[in-house]
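*Asks:* Quick one, what's the 3D model for this:
(one chain, ligands or ions: 2)
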Amino acid sequence: MAAQTPFTLRWGIMATGGIADLFARDLLKDPATRDVSDVAHVVQAVASSSSLDKAKAFADQITEGKPHSISSYGSYKELVEDPKVDIIYVATPHSHHYECSLLALRAGKNVCCEKPFTINAEQTKHLIAVAREKNLFLMEAVWTRFFPLSLAMQRMLFEEKILGKIHRVAVDFGLAFDIHNISDKHRIVNPELGGGALLDLGIYCLTWVMMTCFQNPENEGERPLVTGDMLKTPLTGVDEFTTMSLMFPKIQVSAVATTNITVRSPETFARIQGEKGDLTVQWSPFRPESLTLELLGQEPKKMPFHIPGHGMFWEADACARAIRDGKKESDGCKLSESLMVMEIMDGIRKENDLVYPGTLENVEKY
Ligand SMILES: NC(=O)C1=CN([C@@H]2O[C@H](COP(=O)(O)OP(=O)(O)OC[C@H]3O[C@@H](n4cnc5c(N)ncnc54)[C@H](OP(=O)(O)O)[C@@H]3O)[C@@H](O)[C@H]2O)C=CC1
Ligand SMILES: O=C1OC[C@@H](O)[C@H](O)[C@H]1O
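*Replies:* Numbers count the residues shown, from 1 in each chain. Ligands and ions are numbered 1, 2, ... in the order given. Here you go, the predicted structure:
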């Protein structure tokens with residue numbers, strides 16, 4: 001039987017920083033290397049807000065000097081106006097996600113925007129409203145949700161019920177940014193770029209809590225009761241340490257999530273404890289490679305999950321499948337969940353008086 005022609009999605013990469021590079025390189029990987037044949041990707045165009053030369057250099061860099069036909073633009077506006085681009089990957093700092101996603105949606109482009117979706121929940125709501133009004137696909141790029149490990153873990157917990165009743169979840173994600181020696185302009189500490197632990201790293205902790213608690217079918221979509229505490233860095237006033245408590249009354253599960261930008265989390269960053277034992281997940285919280293089952297009375301069993309590349313292609317494949325099928329959001333990263341996570345983070349920031357400066361929290365009129 002003849003092989004089916006894959007559905008090919010043509011990407012426009014908005015920004016030329018660290019994650020844009022990793023994402024674009026993953027798009028260029030042959031899908032066969034991850035056993036995918038129904039969808040494929042093309043890096044159609046790239047844009048830099050700073051200069052055309054930067055965009056051109058980025059295109060050469062991701063193709064490693066090989067001949068290519070990627071269009072380069074010296075502005076984001078030109079990128080979203082390219083008729084050959086189907087979807088924009090927004091890879092700017094947090095502070096710019098909202099305006100960049102709006103720019104793309106208003107130009108009629110589908111959007112996959114880096115995490116955190118926006119600075120606050122009102123901005124996320126607005127993006128969702130614009131996407132719906134324009135009948136476009138929109139997704140927050142929470143790539144971790146699409147990893148084989150994440151999907152296997154959910155099958156084990158919810159279909160095989162390998163731990164029996166789940167009682168408790170603990171997740172920690174910290175990175176040692178050496179904040180006393182980096183520039184206060186670095187995006188991780190700079191309030192003007194939406195810096196701080198919660199929005200950058202805490203969102204992954206919340207992702208693990210959503211995947212292990214909120215998405216438990218027995219939870220039936222009930223929202224957790226949330227409280228949180230922050231310790232802010234005297235350097236710039238953003239949160240250096242944030243601790244969150246998330247209680248799920250319907251399933252009687254308690255979750256604790258901790259995040260910080262000063263010390264690296266230990267190798268085992270997540271522990272799910274149930275009546276039959278524990279399931280732990282090993283580094284990293286954003287790109288998980290192995291989990292361990294520690295069932296009562298049995299030897300621990302470590303299960304590695306191979307990642308044939310950086311692992312960002314799985315979320316790209318999900319975008320392609322959704323768009324191919326005429327869907328306006330991905331089942332793997334629902335807009336309602338992205339909005340809930342933004343609302344949780346808003347609530348914790350409010351409890352701790354963390355407000356971003358200038359116009360960062362503004363929402364354009366609907
Ligand atoms: N999924 C993941 O694992 C990761 C996700 N991220 C997310 O991706 C986003 C970008 O992070 P990262 O790539 O590390 O950041 P970088 O600082 O490396 O790159 C950001 C890029 O955004 C563009 N940009 C536009 N406006 C500004 C501005 N005012 N200040 C600085 N840069 C600007 C620049 O490109 P240009 O000048 O060409 O327009 C710049 O290169 C963040 O929101 C972060 O949360 C980050 C790392 C990992
Ligand atoms: O998403 C992310 O994951 C990896 C971290 O290095 C980075 O700061 C963060 O944005």
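
*Asks:* which residues are there in this protein that come within reach of ligand 2?
*Replies:* Residues of the chain lying close to ligand 2 (C-beta under 6 Å from any ligand atom) are Leu175, Asp200, Phe286. From N, CA and C alone the C-beta is placed, and that goes for glycine too.

*Asks:* again, only this time at 5 Å
*Replies:* Neighbours of ligand 2 within the chain, by C-beta under 5 Å from any ligand atom: Asp200, Phe286.

*Asks:* Please enumerate the helices of the stretch 251-366 of the chain.
*Replies:* 313-324, 335-351 (DSSP state H, counting those that start in this stretch).

*Asks:* Let me know which of these is tucked in deepest.
*Replies:* Mean neighbour count (mean count of other C-beta atoms under 10 Å) peaks for helix 313-324 among these, with a mean of 23.

*Asks:* name the helices or strands packed onto it?
*Replies:* If you count contacts as 3 or more C-beta pairs under 8 Å, 6 or more residues apart in numbering; DSSP states H and E, helix 313-324 packs onto strand 7-14, helix 18-27, strand 39-47, strand 110-114, strand 138-141.

*Asks:* Out of the ones you listed, which gets nearest to Gln154?
*Replies:* Closest to Gln154 of the helices and strands packed on helix 313-324, according to C-beta to C-beta: strand 138-141, at 18.4 Å.

*Asks:* Could you pull up phi and psi at the residue of the stretch 1-150 of the chain found nearest ligand 2?
*Replies:* Using C-beta to the nearest ligand atom, the single residue of the stretch 1-150 of the chain nearest to ligand 2 is Lys115, 6.2 Å away. Torsion angles at Lys115 (phi, psi; degrees, to the nearest 10) stand at phi -80, psi 150.

*Asks:* That one: how many residues sit nearby?
*Replies:* Using other C-beta atoms under 10 Å, the number of residues around Lys115 comes to 23.

*Asks:* ok, which residues in the stretch 51-200 of the chain are in contact with ligand 1?
*Replies:* Thr92, His94, Glu114.

*Asks:* picking that back up, any chance of TSV for the helices and strands packed on helix 313-324, columns distance to Arg321?
*Replies:* Putting the helices and strands packed on helix 313-324 into TSV (distance: least, C-beta to C-beta, whole Å) gives the following:
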stretch	distance to Arg321
strand 7-14	8
helix 18-27	15
strand 39-47	6
strand 110-114	13
strand 138-141	12
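
*Asks:* mind listing what whichever residue of the stretch 101-250 of the chain sits closest to ligand 2 touches?
*Replies:* Among all residues of the stretch 101-250 of the chain, Asp200 sits closest to ligand 2, at 4.8 Å; criterion: C-beta to the nearest ligand atom. Counting by C-beta atoms under 8 Å, 6 or more residues apart in numbering, Asp200 makes contact with His94, Pro116, Arg187, Ile188, Ile261.
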